[in-house]
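1. Here's a sequence, model it:
(2 chains)
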Amino acid sequence: MSGGGKEAQAAELVRVLFDLVRKESCGECFPCALGTRQIGAALDGKGAAGALLQEIGRAMKRSSKCGVGRIGGALVLELLDRYPAAFKTGA
Amino acid sequence: MAFPLTIDGFKVEVPEGTTILEAAARIGIKIPTLCYLKDIGHDVGACRICVVEVEGESEFKTACNTPAAPGMVVRTNTPAVREARRVTLEMILANHPMECPTCVRNGNCELQNLAAAFNIREVRFPRTRPQYPIDDSAVAVIRDPNKCILCRRCVTVCQQVQTVSAIEFKKVDGEPVVLPILQVPLGETNCVQCGQCILVCPVGAIYERDETGKVWAALADPEKHVVVQTAPATHVTIGEAFGLPPGTDITGKMVAALRRLGFDAVFDTNFTADLTIMEEGSELLERIKKGGVLPQFTSCSPGWIKFIEHFYPELLPHVSSCKSPQQMLGPLAKTFYAQKRGIDPKDVFVVSIMPCTAKKFEAARPEMNASGYRDVDVVLTSRELARMIREAGLDFANLPDEDYDEPMGIGTGAGQIFGATGGVMEAALRTAYELATGKTLEKIDFEEVRGMNGVKAATVPMNGINVKVLVAHGLGNARALMEKVKAGELKDYHFIEIMCCPGGCIGGGGQPIPTGTAIREMRIGGCYARDRVLQYRKSHENPQIKALYAEFLGEPLGHKSHELLHTTYTARGFCPKI
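-> All right, here's what the predicted structure looks like:
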């Protein structure tokens, strides 16, 4: 993990975790397949922000077909709660 | 056993095996769906639009494929459910090109309908999927992966129903996508161009090659004598594009519409369906008499022909050498008709109105130029003709009923039922029986070969032989029969009818959308209803067929017939261009 402040470290953590979800996502069910990509775009500073990401997280958590999307959704909500800046800045 | 459950506070009693979706429908709640398509057994739960809350479960359940259970408490319309559905739909729309006014499915799109039903007014997310090139490598079927929402209905129909498996769902460079097998252009695969994928696509991601422009140009060309033919199945389906119920006989209105579009002569493919019976029935009797390869397979369905060329080339000697009715009418228009009218055949331009996308492939086959010119110049699907009628502003439902032109305008009831599974067989039996025995059939309705069962069988005594026949529709059913033929299990059968599409041509890939099982059954009903009311119901009694043989062809299987009406096949093997 690179140096820098706590926020940058958090952003990198979020990115690493989300890369994993995205890789594991089989692409078959829409909330997970599309949601992971929207979150990815947000992390790059090119996507939706704030409350919209919470909506995506909730949809992923409760609508996804399997554990990958559900855990991915739960992770989004958790990370938004703890490290909201990681999403805002795009790090 | 029936049991009760509660949906949105209302009790409903359902039998075992009922899904939540079906249970809700019983009490007037239509849970929205997108990827689900019961007719082809597609309930993979991909889109998650049909999610509902089930008490005691932390995750939502998909209503389309979750069975109702005794005492279950379901909520279909909570804020959380509505939010989840809306977010999913918005993310789909974010990746879907908003080209609705120029899309082939404008006004007939399940995604558009869903967006309207959800009262979507803005999309709050950016596009996240990559751009893909449009694949227009195949003759008839074009794919636009950018519009694809990844519902995978096309994959199910191609793999499960048709057993062709020309397309698949996979992750490429980390992105989920539906694409042709081996990642080659569709035109280089074993895709048979049946177009069943087009019928099930909820959006405009798969569509036919639109050739209306070529036809408008021909109609405007003073040098061209433009003739048109209409396939049996179109007689009972095109009305659907103008709000008429499936199965409505719109023959007369279609003829009137074609004249108003400017065609110089309007012929009926039902006429050459009758001609096919004369040739193919004679071929069958000759194979039986001379110990030829049996069972004989029908050859009217170009999707089926491409299928056997790819998957069972070793069985090609079983296939009748007869061209399909479409490909018989073309060369007759450029010889028999052109001579009669004193027109140079190079100026005759033949357009076909077909229920079928594979007909475009068939017309483009290099060998189909019996008169020295292309047998058929342009094939339009039912949907394309409907577009021309709309563009011309014709009030289709209120057009008068008009008759076809001579000398290829009379089709019998036997020709009409070519549009339905079992119809070619029934038509052949009506004629073969009478030609072989010299007796008149007492009962001309062969009920055993009708209907939506995948494989049907009949035995007909004829001159001391029990003629045994089989009928299959949908390539999955065809494949099962081919395996039996290969294993030598069908040696005592004489004739097998195969139609590529479920229900036969009335369910063809060029037909009006939607085309589902119930609609197919209504269209089949329309074919048999028209058969019952026609003056002639046996191909060999068609007076214009008699005249054609007397004036021009001579006899079935004669020299001219072989030149114009028979063809050869190409053993292609699996994915020949790879």
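
2. And the residue nearest the centre of chain B?
-> For chain B, the residue nearest the mean C-alpha position is B:Gly508 (0.6 Å; CA atoms, centre = their mean).

3. Surely that residue touches B:Cys356?
-> Yes - with contact defined as CB atoms under 8 Å, B:Gly508 counts as touching B:Cys356 (4.3 Å). Just so you know, the C-beta spots here come from the backbone N, C-alpha and C atoms, and that holds for glycine as well.

4. element containing B:Leu380, please.
-> Take DSSP states H and E as the rule and B:Leu380 turns out to sit in strand B:378-381.

5. swap that for B:Gly409, sorry
-> Assignment of secondary structure by DSSP H and E places B:Gly409 within no helix or strand.

6. And for it, nearest residue in space, chain neighbours not counted?
-> Leaving aside its chain neighbours, B:Gly409 sits nearest to B:Asp268 (5.6 Å; criterion: CB to CB, 6 or more residues apart in numbering or on different chains).

7. how about that neighbour, phi and psi?
-> Per-residue torsions, B:Asp268: phi -110, psi 130 (degrees, to the nearest 10).

8. so after the lengthiest helix in chain A, what's the next helix or strand?
-> As assigned by DSSP state H, the longest helix anywhere in chain A is helix A:6-24. Next in sequence after helix A:6-24, counting helices and strands by DSSP H and E, comes helix A:30-43.

9. Next, count neighbours for the closest residue to B:Ser324 other than its chain neighbours.
-> Counting by CB to CB, 6+ apart, the nearest residue to B:Ser324 once its immediate chain neighbours are dropped is B:Cys300, at 4.5 Å. The number of residues packed near B:Cys300 is 29, by other CB atoms under 10 Å in any protein chain shown.

10. Kindly report the same for B:Lys214.
-> Neighbour count of B:Lys214, defined by other CB under 10 Å: 14.

11. how close does it sit to B:Ile389?
-> 17 Å (CB to CB, to the nearest Å).

12. Please enumerate the strands of the stretch 1-150 of chain B.
-> Secondary structure of the stretch 1-150 of chain B (DSSP state E, counting those that start in this stretch): strands located at B:2-7, B:10-15, B:51-54, B:61-62, B:73-75, B:141-143.

13. quick check, distance from the fourth one to the centre of its chain.
-> Okay, so that is strand B:61-62. Chain-centre distance of strand B:61-62: 33 Å, with CA atoms, centre = their mean, to the nearest Å.

14. Look at B:Lys170 and give its secondary structure.
-> What DSSP: H, G, I helix; E, B strand; the rest coil gives for B:Lys170 is strand.

15. do the same with B:Ile444
-> coil.

16. Show me which residues of chain A are close to chain B?
-> Applying CB under 8 Å from any CB of the partner chain, one finds that chain A approaches chain B through A:22-23, A:26-31, A:33-35, A:37-38, A:40-41, A:46-48, A:52, A:55-56, A:58-59, A:61-65, A:70.

17. Now with 7 Å, please.
-> Within chain A, the positions near chain B by CB under 7 Å from any CB of the partner chain are A:27-31, A:33-35, A:37-38, A:41, A:46-48, A:52, A:55-56, A:58-59, A:62-63, A:65, A:70.

18. Can I get the buried part of the residues you listed as one PyMOL selection?
-> To isolate in PyMOL the members of these that are buried, counting by 16 or more other CB atoms under 10 Å in any protein chain shown, one can use:
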select buried, chain A and resi 27+28+29+30+31+33+34+35+37+38+41+47+48+52+55+56+58+59+62+63+65+70
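
19. Run a quick neighbour tally on the nearest residue to B:Gln131 once chain neighbours are set aside.
-> Leaving aside its sequence neighbours, B:Gln131 sits nearest to B:Asn146 (CB to CB, 6+ apart; 6.3 Å). If you count neighbours by other CB under 10 Å, B:Asn146 ends up with 17.

20. Give me the helices and strands touching the longest helix of chain A, please.
-> Identification of packing neighbours for helix A:6-24 by 3 or more CB pairs under 7 Å, 6 or more residues apart in numbering or on different chains; DSSP states H and E yields helix A:30-43, helix A:67-82, helix A:84-89.

21. list the contacts for the residue nearest to A:Ala41 when sequence neighbours are not counted?
-> Nearest residue to A:Ala41 in three dimensions, chain neighbours excluded: A:Gly47, at 3.2 Å (CB to CB, 6+ apart). By CB atoms under 7 Å, 6 or more residues apart in numbering or on different chains, the residues touching A:Gly47 are A:Gln38, A:Ala41, B:Phe125, B:Pro126.

22. what are the phi and psi angles of the last one?
-> What it means is B:Pro126. Note on B:Pro126: its backbone torsions stand at phi -90, psi 160 [degrees, to the nearest 10].

23. Model confidence for it, exactly?
-> At B:Pro126, the pLDDT value in this model is 95.

24. ok, the residue in the stretch 151-300 of chain B that chain A sits nearest to - contacts?
-> Closest residue of the stretch 151-300 of chain B to chain A, CB to the nearest CB: B:Pro176 (2.6 Å). By CB under 7 Å, 6+ apart, B:Pro176 lies in contact with A:Gly27, A:Ala33, B:Leu150, B:Phe169.
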